[in-house]
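A.B. asks: Here you go, sequence then predicted model.
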Amino acid sequence: MITGFGEKAERYSLAVFLTGFSAVLAVALGLNNPAGIISLLARPGAGLSIAVISLTASAVFGLVIFFRKPMGMHIAVISASASALVMYSLFKLYMISTRPALHTYLLLILFIAVSVQFASVLTVTGSARSDGVFRKNSPAALSILCINAVLFAAFILRIKMLMPPDRILSFEQLTSGSLSSVFWGAVLSMFVIPSVLSFLPALRHQSAMNGVYRLSAVLGILLLSILINQMPAMAGAAGGGRMLF
């Protein structure tokens, strides 16, 4: 999308503001006292505080950019930097020793890969041509999809290799147990459906596939976030559930 901002610049900056503000509002409403968000901001070293601060900064940047309406690479650099900051902050929020399944830098790499994959979905389906849906860079998007699938597989297989007491989430629980519907739903939405739409020429020339391609990506990210939030903490750990994000 970096090469095609132009008049769309304010749209992206407004989206940055709305999503950042909405996330911070969700955190505030999730606290016993919404005013407690102030005390969170006063402790910048804590994981949740880092996430809230980065999201607040992104929202402010988005609002400033929206009213200034800069074009071209200015907004590209700022929005990319804000995205990287938020991803790193959310990674730090989840990477704690009491959540062994998430206590790995693979999680940060997975966050980055998912964001790149979603950006490629918006690019590939950005505008329908008269003779088809997908634009010429769909092979690049398919390559991104494959890389992300490998990273996701490595992330899941690492869980299988964990040893007790770290192995509190079994591989079987993901593939055939209580989390299997969320796990296979994420796989189907994030990888299988986009791959089928990209590989089969007959489907690539159906205009309705733009919407299916995008909705599949959105559903995949939602299911992946649910899966990550459901990964358990060790017994007796404080703050076992982190459902805010």
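C.D. replies: Arrived safely, thanks for sending.

A.B. asks: going forward, measure contacts and count neighbours with C-alpha atoms only.
C.D. replies: Fine.

A.B. asks: what about the helices in the chain?
C.D. replies: 9-30, 36-41, 47-68, 73-94, 106-124, 138-161, 171-175, 180-187, 193-199, 201-204, 209-230 (DSSP state H).

A.B. asks: Of these, which stretch is the most buried?
C.D. replies: helix 47-68 (a mean of 21; mean count of other CA atoms under 10 Å).

A.B. asks: tell me what it is packed against?
C.D. replies: In terms of contacts (3 or more CA pairs under 8 Å, 6 or more residues apart in numbering; DSSP states H and E), helix 47-68 is packed against helix 9-30, helix 36-41, helix 73-94.

A.B. asks: Select, out of these, the one closest to residue 189.
C.D. replies: helix 73-94 (21.3 Å; CA to CA).

A.B. asks: neighbouring contacts of that closest one?
C.D. replies: Here helix 73-94 makes contact (CA atoms under 8 Å, 6 or more residues apart in numbering) with 2, 9, 13, 16, 47-48, 50-51, 54-55, 57-58, 61-62, 65, 102-103, 107-108, 111-112.

A.B. asks: avg pLDDT for that helix?
C.D. replies: Taken as a whole, helix 73-94 carries a mean pLDDT of 76.

A.B. asks: Then stretch 120-136?
C.D. replies: 60.

A.B. asks: Would you single out the least confident of the helices of the chain?
C.D. replies: helix 201-204 has the lowest average pLDDT among the helices of the chain, namely a mean of 62.

A.B. asks: quick one: the residue lying closest to residue 99 once chain neighbours are set aside and residue 221, what's the gap?
C.D. replies: Closest residue to residue 99 apart from its sequence neighbours, by CA to CA, 6 or more residues apart in numbering: residue 233 at 4.6 Å. Per CA to CA, to the nearest Å, residue 233 is found 22 Å from residue 221.

A.B. asks: circling back: switch the helices and strands packed on helix 47-68 over to CSV; also include distance to residue 149.
C.D. replies: Below are these laid out as CSV (distance: least, CA to CA, whole Å):
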stretch, distance to residue 149
helix 9-30, 26
helix 36-41, 35
helix 73-94, 19
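
A.B. asks: Residue 144 is nearest to which of the ones you listed?
C.D. replies: helix 73-94 (17.6 Å).

A.B. asks: Between helix 106-124 and the closest one, find me the angle.
C.D. replies: 150 degrees (axes from the mean of the first three to the mean of the last three CA atoms, to 10 degrees).

A.B. asks: where does the residue nearest to residue 99 fall, phi/psi-wise?
C.D. replies: phi -90, psi 160 (degrees, to the nearest 10).

A.B. asks: Give me the pLDDT for it.
C.D. replies: pLDDT recorded at residue 233 is 72.

A.B. asks: mind starting the numbering at 40 from now?
C.D. replies: In the new numbering, first residue 40, that becomes residue 272.

A.B. asks: I'd say it and residue 142 touch.
C.D. replies: No. With contact defined as CA atoms under 8 Å, residue 272 does not reach residue 142; the gap is 10.6 Å.

A.B. asks: what's the burial count for residue 72?
C.D. replies: Other residues lying near residue 72 total 9 when counted by other CA atoms under 10 Å.

A.B. asks: Tell me how far it lies from residue 192.
C.D. replies: 40 Å.

A.B. asks: you'd agree residue 271 is up against residue 208?
C.D. replies: Yes. Judged on CA under 8 Å, residue 271 makes contact with residue 208 at a distance of 6.8 Å.

A.B. asks: can you pull the contacts of the closest residue to residue 70 other than its chain neighbours?
C.D. replies: Leaving aside its chain neighbours, residue 70 sits nearest to residue 76 (7.9 Å; criterion: CA to CA, 6+ apart). By CA under 8 Å, 6+ apart, the contact set of residue 76 is 66-67, 70.
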